[in-house]
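J.: Dropping a prediction and its sequence here:
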Amino acid sequence: MTAVGEKMKKIWMGAVTALMMASLSVSAQEFPEREMLGVVMWGAGGATDTVARAVNPAAEEALGKSVVVLNKSGGAGAISTAYVNAAPADGYTFLYGAENPQLHPVMGVADLDYSKFTPINILGRGVAVVVVPAASKYQTMAELMADIAANPGAVIMGSTGPGGLPSTIAALIANSAPFEITAIPFDGEGPGLTAMLSGEVDFMPTGISAAAEQVKAGNMRALAVVNTEPVDTLPEAPAITDAIPEMAKFLPWGPFYGVFVREDTPSDVVATLTAAFTTAAENETFTTLMANRGNIVMNMSGDEAKDFLVKWQQVTAWALQDTGAAKVNPADLGISRP
């Protein structure tokens, strides 16, 4: 090849490279170029669906494209998680998920958890509360704990069975202080709270949204919120760490809601989605709904979100192991004890 030919070849290759780089740059800048799909882990009308549909309009506005919301329930969230994981890693299909996949391996449901995803935003989390009937002799969480310590096994707790919210909170408390109680399982928090009001059980940990109205109506007393500080929904209920300081190492804890994409999604796409949902999570309509439901807006992304997911999995998986509910030992899955 002549010197002129060699020079022309270099010019041509340089032009092609520049064109490709420009094309990639434009593509990245233009994401999203079309309609997107937000897959909700649970059915229509549930807590995860409500949170997803509350944040979705603000996310659409920030992204400049419509987001179709698809409910794809089943397998305690395993079906929707697998569905999003099987979609192209281009950001056009993302998961509106809850905490469940973080427990799938330890409960023997599926191998796939959020370690195979990138968290775009941990939108918020629910808060639990320990309640007693209004006529209960227990005026404070400290009084309840003192009676449990003095009379092992005599105090009766309402539960929803192994792995449920009450039993998980009981495990967290038991890892922090003497807590030998007798648990009676019910088919959900509602029946358990009804049984408590009729005197069948002495107390029950439950989601704050399930008990707030009864507390405000004077039918129940909130002894403590499972948090490091009081929450707006029940501002007079003290933090559980006031009575059990050792609980702080497990908190924050509670059901959570977030947005997730495949872990191999391009970083520029992740950045665009993260910016959009950071803005959406600040939307007044969304924050008002979360507050009304007793949830705490977290609006967490990046390494902070990843660290939150790891800690949540560690705390909950080992709590389930300690209560005998886990199907697989967390240690066998490489999940460290917190």
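T.: Perfect, thanks for sending it.
J.: how much space is there between residue 161 and residue 39?
T.: Per CB to CB, to the nearest Å, residue 161 is found 28 Å from residue 39. Where you see a C-beta, it was placed from the backbone N, CA and C, and this is true even at glycine.
J.: Same drill for these two, tell me which one is more crowded.
T.: residue 39 (22 against 13; other CB atoms under 10 Å).
J.: I'd like to know the beta-bridge partner residues of the more buried one.
T.: residue 70, residue 95 (DSSP bridges).
J.: OK, contacts around it?
T.: Going by CB atoms under 8 Å, 6 or more residues apart in numbering, residue 39 touches 70, 72, 80, 83, 84, 93, 94, 95, 96.
J.: before we move on, what about residue 120?
T.: 94, 258, 259, 260, 261, 270, 273, 274, 277, 301.
J.: Three-state assignment for it, please.
T.: Under the three-state scheme (DSSP: H, G, I helix; E, B strand; the rest coil), residue 120 adopts strand.
J.: Let me know the pLDDT of it.
T.: Looking at residue 120, its pLDDT stands at 98.
J.: Spatially, what comes nearest to it if we skip its sequence neighbours?
T.: residue 259 (4.1 Å; CB to CB, 6 or more residues apart in numbering).
J.: Then residue 337?
T.: residue 318 (5.1 Å).
J.: So, low pLDDT: which residues of the stretch 151-300 of the chain?
T.: 162-163 (pLDDT under 70).
J.: mind listing the helices for the chain?
T.: 3-30, 47-63, 78-86, 141-150, 165-174, 189-197, 208-216, 267-280, 284-292, 302-322 (DSSP state H).
J.: Mean neighbour count and distance to residue 116 for those - can I get that in CSV?
T.: Shown next, in CSV, are the helices of the chain (neighbours: other CB atoms under 10 Å; distance: least, CB to CB, whole Å):
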stretch, mean neighbour count, distance to residue 116
helix 3-30, 10, 23
helix 47-63, 20, 19
helix 78-86, 19, 6
helix 141-150, 17, 39
helix 165-174, 23, 23
helix 189-197, 19, 31
helix 208-216, 19, 30
helix 267-280, 19, 14
helix 284-292, 15, 27
helix 302-322, 19, 11
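J.: The residue nearest to residue 337 and residue 109: what is the separation?
T.: Counting by CB to CB, the gap from residue 318 to residue 109 is 17 Å.
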